[in-house]
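**Q** Let's see this in three dimensions:
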Amino acid sequence: MSEPLKPSAPPFQRILETASAFQASRVLLTAVELDLFTLLDVAPRASAEAAPVINADPRGLDRLMNALAALGFLVKREGRFANAPEASRFLVRGKPGYIASLMHWVHLWETWGTLTAAVRRGGPVDRAAVGERGEAWLEAFIAAMHWRGTQHAPGVVGSLDLTGVARVLDVGGGSGAYAMAFVRAKAGLRATVFDLPGVLPLTRRYVAEANLTGAIEFAAGDYGTDPFGPGFDLVFLSAIVHSNSPDENRHLLRRCAAALAPGGQMVIQDFLIDEARSGPVFPALFALNMLVGTLAGDTYTETEIRTWMAEASIEAISRRDTPFGTSLLVGRRGRSA
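**A** Presented below is the predicted three-dimensional model:
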């Protein structure tokens, strides 16, 4: 007895799946924006019961919750909805596994909606500077960077040679996740987080929550213009160069090199795109994220960043790829520089 033929996917299926992928994304992000998963973790609720609590229309919320159940984020039994195990673990505010970066993705939805206009004009559409986007945007952005940083910082810092390193400058250090990893990695090491005045109150809060205030210093300023101070043994730039133009990066790396003691290390972490600029996928998409969200940012190649480091008298540059899609370029300031 022959088996029934299984229908093969039509050749255009991938195109349709890619075109419609935004729908599932928007369902999840709307639930995050409404903080629905936190509500449902207290107790299962019918959509009509949940609607007034989160200021939603009962019919609209019912359709959303049914879609979340179809996607596997909720479980529906006898008309009541509960979080699926994955949602309960990662989507409930206050839990250790909570993915705090998701509200930042809500904001990215807004900027990515302008992609067509940004491609036509070659830059962002009515994008304010980081310090002018409001407290809610900034808090979500720093929370996203902190969540990612806490996942990756111990491994990144653990891969570095900290012999002779007593002072670390974390440029644009955000929440201080990497500065905290540095001081935890080596007894007696002190780190300075340099960031905008509006960011540092958030940094201080994260550092205080980790009980590391005594080991970390804070310096307010614009990394493009304000002085860093001299004599650092290591200058660390994580997810910084992609926010700037090539000329801004040349200027920044020269200033970072000047902040290093002779022989001190410069460490740059970022998403590197290949020399043809057509892959890997994430850096190629991230270049568009910079197009819609920054005035001149981009994803850069290894050759470009190496060139800027060399122009800043950084020598013996090596590359190390991380398990989570970023790369480190590590070099030392020439002793005669």
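
**Q** Surely Trp137 is within a helix?
**A** Yes: using DSSP: H, G, I helix; E, B strand; the rest coil, the assignment for Trp137 is a helix.

**Q** That one: what's its closest spatial neighbour, skipping adjacent residues?
**A** Nearest residue to Trp137 in three dimensions, chain neighbours excluded: His107, at 5.7 Å (Cβ to Cβ, 6 or more residues apart in numbering). C-beta coordinates here come from the backbone N, C-alpha and C atoms, glycine included.

**Q** State the number of residues packed around that neighbour.
**A** Neighbour count of His107, defined by other Cβ atoms under 10 Å: 19.

**Q** now swap in Leu91 and tell me
**A** 24.

**Q** before we move on, what about Leu108?
**A** Using other Cβ under 10 Å: Leu108 sits among 18 other residues.

**Q** residue contacts, it?
**A** Taking Cβ atoms under 8 Å, 6 or more residues apart in numbering, we find Leu108 in contact with 289, 293.

**Q** Secondary structure element holding it?
**A** helix 102-112 (DSSP states H and E).

**Q** same question, Ala48
**A** Taking DSSP H and E as the criterion, Ala48 maps to helix 47-53.

**Q** again, but for Ser88
**A** Assigned by DSSP H and E, Ser88 falls in helix 85-90.

**Q** packing partners for that helix?
**A** Contacts defined by 3 or more Cβ pairs under 8 Å, 6 or more residues apart in numbering; DSSP states H and E place helix 85-90 against helix 36-42.

**Q** Which positions in the helix it packs on come out as buried?
**A** Buried residues in helix 36-42, defined by neighbour count with 16 or more other Cβ atoms under 10 Å: 36-41.

**Q** try stretch 276-289
**A** Buried residues in stretch 276-289, counting neighbours by 16+ other Cβ under 10 Å, are found at 283, 286-289.

**Q** now do stretch 86-103
**A** Buried positions in stretch 86-103, judged by neighbour count with 16+ other Cβ under 10 Å: 87-88, 90-92, 98-103.

**Q** and if you look at stretch 73-83?
**A** Using 16+ other Cβ under 10 Å as the test for burial, stretch 73-83 gives 73-76, 80-83.

**Q** just the strands in the stretch 1-150 of the chain please.
**A** In the stretch 1-150 of the chain, the strands defined using DSSP state E, counting those that start in this stretch lie at 74-77, 80-83.
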